[in-house]
Structures are given as structure tokens and as C-alpha cells.
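>>> return a 3D structure for these sequence lines:
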Amino acid sequence: MGFPQIAGFKPTARMYKLGILVFVVLVVYTTLHIASTVFETNPASSLASNLPFKNVLSPNPAKLPEDLSVGVLPPARISYDEPAPGERVNGAIVVLVRNSELDGLRKSMRMFEDRFNRRFKYPYVLLNDQNFTQEFRDGIAAITKNEVRYGILDENFWNYSPSVTPEETELKLQVNKNRYLYGGSLSYRFMCRFQSGLFYKHPLVRSLDWYWRLEPDVEYYCDIDYDPFVYMRDNGMKYGFTIAPREGRRTVETLWNTTRTWIKANTHLLPAQSLANWVMGTDGHYNLCHFWSNFEIVDLSLYRSEAYESYFNHLDNAQGFFYERWGDAPVHSIAAALLLKKSEVHWFEDIGYKHPGNMHCPRDPAMHAKCVCDPGKSYTYRSACQTRFAKVNNMAKERLLQILDNSEFEYRYNPAKVDTS
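Residues are numbered from 1 along each chain as shown. A predicted model of the protein is given here:
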């Protein structure tokens, strides 16, 4: 069968197309007519009660029935730049940086902003031993809308220890330049001394209660949807870290002996319980474990305490920042271990992080769901110091002093006997 044929009439393709067009116009007209009739007699306010999603047309969608558990549209997604709810601490992100490190810092800040600070909006404090260039300031302004404070380090912060001389320091640099990384670098020693005991006295930092250290060319792999500052404060924590490697022994050959001397002379400054056995074995020697301080979140009352100030001044007078290469990481770590209980030190396992040389990526599935990194490449789960941190408990002050009394001082470096071949 088919359509009835009319004698003498043969439809063309153009006539078929015209017929289809007329049909579509009639359907659209009929639909619009029916819709207008319905809305004239049933305004949106009355239709809302008959719709499955009751907040779509409600004149006051914010007031929903308390027992409504299904069929409600989710709230609009919060803007990425909208400040996260909740209080903030008196803290800042502190960076020591050169003008030449602009690209590296922009990279770090881009990831840090995306992962955390675009919503938590803590200010940045950028410190430099030279004036910041306009190019540098413009480059940073293009990365963040948050407040950026620029500070200069004068000779009160960027200088030699009072116990050393430039001439003797230069001789030590020549001896050590091939013994370890930065062995011949004077600026690196200025940096280590500054970070160990001076940065928190800078005018832009001394008014802060907390600080989070950021450096150029680091990477943040995981979304941080809470405030680590507030978390630490509310849980009585004072020092937070991500990675705990071993220090190079040659860089700190007299650091522990110098520390032992300070301990014995200042037992009154030590707490009754501490994490001392994380950095010290039962033989009373330093095991080289330290928190990698390129990432640290710290309650600055730790560094401003009488005990820490006394410890830093003792080290500064012992010449090791310049005649060896004592780093701020072992200095901060030994001090934290001697002055804090384990409950006051926190491993941020959920914060994926990389500094050139080592990286951490959480392997816990719930934590890793917020990250873009490979846990199989994570250094932390292979680190003996990280494992030790998980296992050790607090040590009583009496036990610490007993171990030190029963152990010998470690080998003291003698540059005359160094084999530089």
C-alpha cells in the first residue's frame, strides 16, 4: 500500500518539503497556545506545589520543609575565590626569596593558591636581602589577589655570627667546598643562620603568632580543604611537617656535641617529657633525623621561648653555622625534639608535597582521592626517620640526662685531617 494517488497529479520533492514545514509550524503554534493558557490560570506560585523539585519555582526557596529529604536541588557551588568559612589565626605564609627566583616562586604560589590559599586568604610575607624589583612585584601580583608584604633583610639579619670572622670563614669555605652541597657557599650560610634564629624577629614576622614556610620550586599535590593553622592550634600542636630525612653527617659534625653542652648547662629549660629520643639513640648520639624545614607550620611561641633563644644563641657562638654548614632543618628539629612532647608535633600525611630531592604523596585512599601524585614514588614511606617518628614515645628528662651522662662525645671534625681527594 501507499498514499492514495490522484489521477493526473504527481507531487514533487519541493511540495513534500513545504508540507513538512507547514506541519512543524502548526505543532509549535499549538504548543505555545496551550502553554499560555495553562500559565494564565496556574501561575508559578501555585505550580510550585505540584512540581517534584519544590524549590525550583518557590517564591522563597531558602525556606524548605524540615522533613524534606529527597527531591531537593543541591545548593549552588561555592565560588573558588569565595573565602572559606571559619576563623583565621594571626598567621602568614613566609618566603625567603631572591629576585632571580621569580619563576620558581610563581610556580609554587600558583599551586599553593589553587590547593589552599585562594579560599583561606592568608597574607604572604616575602623577604629578600636585596630590594625587590618592579618586575618581581608585578609577577607576584599576577599570581595572587591576596595581600603580599615585602621586606628587606639588613645587616642585622643577613650577616656573620659574632663568633666568626670573614677571613676564617673564607678558609673554611675553601676546605669544605667539595665535601658537601653548598660547602663553599657563603650566602647559604647566611640563609641557614637567618632561618635558624632570626627570621621570626623581622618586623614583618614578629607580630605573627603562626607561620607557614613556602619556598620557590616546590609542589603541592593535594587539595587542602581545612585550615592547618586552626587545626594545630585547636589540638595543642606547635610544629607541623611533611618529610623527615637524614642530614648529611659532614655538615653537622660538631652540632650534637655543642647541643649536649647546652643541654647539660640548661636542664632547667627542658620539659619533663619530650620527643628527644627521636633524634637521639640509646648511645646518646645524634641519628641525623630531622624535619625538612622547607615545609613547616609553626606556632612561633616555640622559637620565641626562652629555651629556644638560649639554644640558638649557644649555637651562634659556637661557629658552626659558618665553619661547618649547620642547617636550619637540624637546628629546628633538634630543638623541637628537646622542647616539645610528641603530641605537639604533627605529621601532615594528607598534604602531598615535593621539594627538589624528595617528595611525599599520601597512600591512604581517602587522602589520596584529593591528590594528583603517585604514592609509589613517595619518599616518606621509605624513610627510617619517618618510621622512627611513628614508633617513638616521649622520653623523661631524667632518662635523657642519664643517657648523655653515660655516653661519650661524638667525633669532632678536624679540618687538618680531612681527605679532600
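>>> distance check, the spatially most central residue of the chain against residue 244.
By CA atoms, centre = their mean, the chain has its centre lying nearest to residue 295, at 6.0 Å. From residue 295 over to residue 244 the distance is 11 Å, taken as CB to CB, to the nearest Å. In short, each C-beta sits where N, CA and C put it, glycine included.
>>> related to what we said a few turns ago, can you tell me, leaving aside adjacent residues, what's nearest to the residue nearest to the centre of the chain?
Nearest non-adjacent residue to residue 295, counting by CB to CB, 6 or more residues apart in numbering: residue 242, 4.9 Å away.
>>> by mean pLDDT, which helix or strand of the chain comes out lowest?
In the chain, the helix or strand scored least confidently by mean pLDDT, DSSP states H and E is helix 44-47, which has a mean of 41.
>>> strand partners of the following helix or strand past that helix, parallel vs antiparallel please.
Using DSSP states H and E, the next helix or strand after helix 44-47 towards the C-terminus is strand 91-96. Strands that pair with strand 91-96, judged by DSSP bridges, come out as strand 124-128 (parallel), strand 210-213 (parallel).
>>> next, the buried residues of the following helix or strand past strand 91-96.
Sequence-wise, the next helix or strand downstream of strand 91-96 (DSSP H and E) is helix 102-112. Neighbour counts over helix 102-112 (16 or more other CB atoms under 10 Å) mark 102, 104, 105, 106, 107, 108, 109, 111, 112 as buried.
>>> what sits against the residue lying closest to residue 106 once chain neighbours are set aside?
Nearest residue to residue 106, sequence neighbours excluded (CB to CB, 6+ apart): residue 143, at 5.3 Å. The neighbours of residue 143, taking CB atoms under 8 Å, 6 or more residues apart in numbering as the test, are 106, 109, 110, 113.
>>> hmm, 6 Å instead?
Contacts were defined as CB atoms under 6 Å, 6 or more residues apart in numbering; by that measure residue 143 touches 106, 109, 110.
>>> now residue 157
Contacts of residue 157 (CB under 6 Å, 6+ apart): 194, 198.
>>> mind doing that once more with 7 Å?
If you count contacts by CB atoms under 7 Å, 6 or more residues apart in numbering, residue 157 has them with 194, 198, 202.
>>> how far away is the last one from residue 151?
With distances taken as CB to CB, residue 202 is found 6 Å from residue 151.
>>> about what we covered before: list phi and psi for the residue nearest to residue 106.
Main-chain dihedrals, residue 143, degrees, to the nearest 10: phi -100, psi -40.
>>> state the distance from it to residue 229.
Distance from residue 143 to residue 229, by CB to CB: 21 Å.
>>> distance check, residue 182 against residue 324.
For residue 182 relative to residue 324 (CB to CB), the value is 11 Å.
>>> do the same with residue 317
Applying CB to CB, the value for residue 317 to residue 324 is 14 Å.
>>> show me which of these two is the more surrounded one.
Between residue 317 and residue 324, residue 324 has the larger neighbour count (other CB atoms under 10 Å), namely 24 against 13.
>>> contacts only, for residue 212.
Contacts of residue 212 by CB under 7 Å, 6+ apart are 91, 93, 297.
>>> possible to save those as a markdown table with pLDDT and distance to residue 137?
Putting the contacts of residue 212 into a markdown table (pLDDT from 0 to 100; distance: CB to CB, whole Å) gives the following:
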| residue | pLDDT | distance to residue 137 |
| --- | --- | --- |
| 91 | 98 | 23 |
| 93 | 98 | 16 |
| 297 | 98 | 26 |
